[in-house]
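1. I would like the atomic coordinates for the input below:
(2 chains)
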Number of protein chains: 2
Amino acid sequence: MPEQSYNVVTLIRKKRDGKTLSESEISWLIRAYTDDKVPDYQMSSFLMACYLNGLNTEEAAYLTRSMLHSGIVVDLSDTEGLKVDKHSTGGVGDKLSLILAPIVASCGVPVPMISGRGLGHTGGTLDKLESIPGFTVDVDLERYKEILKKQNLVLVGQTEEIAPADKRLYALRDVTATVESIPLIAGSIMSKKLAEGIDALVLDVKFGSGAFMKKHEDAAELAKTLVGIGEEFGKQTIAYLTNMEQPLGYAVGNWLEVKESIECLNGEGPEDVMEITHLLAGTMIYLGKRADSVEEGIKMSRIAVEDGSALNKWIDIVEEQGGDINVVKDPASYPEADVIEDVKSERSGYVTEMDAFALGMVSVELGAGRKAKEDNVDPRAGFVLKKKIGDKIEKGETIATLHTNKKEMLDTAKKGIVEAITIRDIEPKPLRRITHRVDMDGIHDYDG
Amino acid sequence: MPEQSYNVVTLIRKKRDGKTLSESEISWLIRAYTDDKVPDYQMSSFLMACYLNGLNTEEAAYLTRSMLHSGIVVDLSDTEGLKVDKHSTGGVGDKLSLILAPIVASCGVPVPMISGRGLGHTGGTLDKLESIPGFTVDVDLERYKEILKKQNLVLVGQTEEIAPADKRLYALRDVTATVESIPLIAGSIMSKKLAEGIDALVLDVKFGSGAFMKKHEDAAELAKTLVGIGEEFGKQTIAYLTNMEQPLGYAVGNWLEVKESIECLNGEGPEDVMEITHLLAGTMIYLGKRADSVEEGIKMSRIAVEDGSALNKWIDIVEEQGGDINVVKDPASYPEADVIEDVKSERSGYVTEMDAFALGMVSVELGAGRKAKEDNVDPRAGFVLKKKIGDKIEKGETIATLHTNKKEMLDTAKKGIVEAITIRDIEPKPLRRITHRVDMDGIHDYDG
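-> Residues are numbered from 1 along each chain as shown, chains lettered A, B, ... in the order given. A predicted model of the protein is given here:
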């Protein structure tokens, strides 16, 4: 089909003036940008216009399609079964992928998982995986398919062939204050996930201080947009809205989170982590048609942890991708950070609130995250909470333990932890960990 | 004063979220952009946020100050008297600068005029001046001051030293659909004018089909912003809102407009051109304190034309800046375009409407203007109207005469002229040429 050509200033003006762009216009623009025919400074002006004037669901789907087709859609027909992935919008201490991926794979559903790196207050699955000595996340598409076929699971980074337009656009949005736009976020997520070769998708859309979307209503809007795009592409998509007012689990930091994940696979995981893990895993097993319902999927997920098959799958994939399985089998053998120090509570009471964003930034200061893309992360840095919201604490009791190789940041980090955690006399009411399910039929209250 | 440093993404986000920026923030941003520390793609995102969320008068003044101080503010103390300039927001057939500058200078008020080139449907003073063989508009600041001191008048182009930040920003706005923003336009105009070394300024803010601002209310808003910025800088500034529903005068095109200007200085100018010229010139003479009122200034302006002193000043400045005074003294000696053809009216009636924008574009097609910055203009191309709004015309009578060296464009141009001019049976009511005066006291109805 010969494609129509457009004047880029006219398209920017159209979005600037609040008009709706056609599929042909969006497709041309994204292609011209990817082909270096439209420069960054025009695209960033367009992105700001999209940010401020919005995109409707059709426009978001056109954008997704354009970015998806800027690269390869992987053909995973080599591997039998319906391939299902999970995507999280990111949070502090969110190590769920590391736990649910081996669970779901061990239950017979292939999981082709392409993840990202951490930036800002949230960590990234790739950085966590790379904290395991030798673990490689950089593989080509042939090897990606081979690992999936052999292990029913693959955990890698985005290759150049996957949605290159999104990669460029994301990098541009990051430096032009155009990241936090629901349709742009949705297009970015879905173009990458659809490119993996999946048949269905589960989404963990987080809200709260440690999430990308602070407000519940924004998270709900994003979930609806994501599910709507999935529907446009004929992929069954189920999203859950989950609470990110405090870190997930206790550990924050790359290796510290891997270690906590191994505890989870050993059946010793924190309650909040396991509740959401089993729900997401169960939904994936259901969408992969290995269970007749989400409930049955959850049961299978629990059994996979109890009988050790998930942990075995985890050991298999670590070995397959070149990682040292000894640290998985014996986490205590992993070298610790130079400085490990406790932070003590300055008062007694109940932990009533956490500023999860601030806690995420503390882990960055300790060396666990990136302020800029080119920064290196320290696999050993981070912290382990000793208390969560609702827990009772005494003055002088340890509230968290810091791990760092940057001794000079210790005081700032301690202060950061103390300031980010509110302690009051009255016990808070329990947080709702999962508030809603969003699927093709709409948004539904979730009551466990 | 050591200047604070900012994170550019934070500043973009602030404007994106509709907040107000401080003087220090705007000043840092403009300086960092000019120093190549902020790339185009961040600035264009910021500009789109400014376009959509606006800037208040203080922010517009900060922007003006930052752009002004990105370059030199010329010191004109060498020349005695209050220096006064005029700026027009641009229109079709707007040759007023060529007429009023020598008038005002001949009345004893120094006029340091730095002008621009034409782009799009409007012509530029520099292109008109350069249609005079030998006339040079590219001079350095020393020569600029020298000419002004000697002639009480100087007519040149923007040098690199004048508001370089504006030059870069304007070029970026042009390709990112962020031109038509009142505070950005106002900042751009005022930074350049203030850099000239003026003491006072008269503004001709046009509205209507041939103007930059089509709507009267937008023109009024722009005039108020411009006068407000002038006030912030302690420069007396008076603006008039003038009608650009049809070209000014009859001639459109570089040399054709110079020729019409010479007719004006010879006392044979069209009524509309002379009415606005005398008003603007009279106001300049008043602001330059050579008259006690605008009315007295207007009288002096009329006399300067009648007694030939304005024409003599025009001949002097043409000679001073290297131009051929023979074509000024004998315009008929100027070489004509290869093709000169009349456009005939297809019906009888009254001219009731003109699409001045479309007429401007016809002159561009004939070779008189630029579609892109790098295009050359043809000094001889353009057209001369034979009728204006309100005039009676017979079928077959000439409505305009085309001048061009692009024979191939003749049919398109003829069609363009016919389509741009509406002829009906009923005589239209006369246009109000000047509707309002805007000064430091506010906006006032203008009744001549």
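2. can you pull the buried residues of stretch A:363-375?
-> A:Ser363, A:Val364, A:Glu365, A:Leu366, A:Gly367, A:Ala368, A:Gly369, A:Arg370 (16 or more other CB atoms under 10 Å in any protein chain shown). C-beta coordinates here come from the backbone N, C-alpha and C atoms, glycine included.
3. pLDDT added to those residues, as TSV?
-> TSV is the format used below for those (pLDDT from 0 to 100):
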residue	pLDDT
A:Ser363	96
A:Val364	94
A:Glu365	95
A:Leu366	96
A:Gly367	94
A:Ala368	94
A:Gly369	90
A:Arg370	85
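4. and the two most separated of the residues you listed?
-> A:Leu366 and A:Arg370 (12.5 Å; CB to CB).
5. list residues touching both of those two?
-> The contact sets of A:Leu366 and A:Arg370 do not overlap (CB atoms under 8 Å, 6 or more residues apart in numbering or on different chains).
6. so what's the closest residue to chain B within the stretch 251-400 of chain A up against?
-> Per CB to the nearest CB, A:Lys371 is where the stretch 251-400 of chain A lies closest to chain B, at 10.6 Å. Residues counted as contacts of A:Lys371 (CB under 8 Å, 6+ apart) are A:Gly120, A:Val364.
7. low-confidence regions, chain A specifically.
-> A:1-3, A:448 (pLDDT under 70).
8. how much space separates A:Thr34 from A:Lys167?
-> 10 Å (CB to CB, to the nearest Å).
9. the spatially most central residue of chain A and A:Asp199, how far apart?
-> Nearest residue to the geometric centre of chain A (CA atoms, centre = their mean): A:Ser88, 3.4 Å. Distance, A:Ser88 to A:Asp199, using CB to CB: 19 Å.
10. same thing with A:Lys192?
-> Distance from A:Lys192 to A:Asp199, by CB to CB: 16 Å.
11. can you show me the strands along the stretch 151-300 of chain A?
-> A:153-157, A:200-207, A:236-243, A:251-252 (DSSP state E, counting those that start in this stretch).
12. surely A:Arg49 and A:Val8 touch.
-> To be clear, residue A:49 is Ala; Arg isn't right here. No. Counting by CB atoms under 8 Å, A:Ala49 does not reach A:Val8; the two are 12.0 Å apart.
13. contacts only, for A:Leu82.
-> Here A:Leu82 is in contact with A:Val109, A:Pro110, A:Asp199, A:Ala200, A:Leu287, A:Gly288, A:Lys289 (CB under 8 Å, 6+ apart).
14. sec struct for it, please.
-> coil (DSSP: H, G, I helix; E, B strand; the rest coil).
15. please name the nearest non-neighbouring residue to it.
-> Excluding its sequence neighbours, the residue lying closest to A:Leu82 (CB to CB, 6 or more residues apart in numbering or on different chains) is A:Asp199, at 4.2 Å.
16. okay but that neighbour is in contact with A:Lys83, surely?
-> Yes. Between A:Asp199 and A:Lys83 there is a contact at 5.2 Å, judged by CB under 8 Å.
17. overlap in contacts, those two.
-> In contact with both A:Asp199 and A:Lys83: A:Gly288, using CB under 8 Å, 6+ apart.
18. ok, A:Ala381 - contacts?
-> A:Gly253, A:Asn254, A:Ala337, A:Ser363, A:Leu366, A:Gly367, A:Ala368, A:His403, A:Thr404, A:Asn405, A:Lys406.
19. farthest-separated two in the residues you listed?
-> Among the contacts of A:Ala381, A:Asn254 and A:Lys406 lie farthest apart (CB to CB), at 14.6 Å.
20. neighbour-wise, which of those two wins?
-> Each of A:Asn254 and A:Lys406 has its neighbours counted (other CB atoms under 10 Å in any protein chain shown); A:Asn254 has more, 30 against 16.
21. care to break chain A down by domain?
-> A:8-54, A:84-330+A:434-445, A:335-424 (automatic domain parsing).
22. in a markdown table: the ones you listed, plus distance to B:Leu96.
-> As requested, these are arranged in a markdown table below (distance: least, CB to CB, whole Å):
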| stretch | distance to B:Leu96 |
| --- | --- |
| domain A:8-54 | 30 |
| domain A:84-330+A:434-445 | 41 |
| domain A:335-424 | 53 |
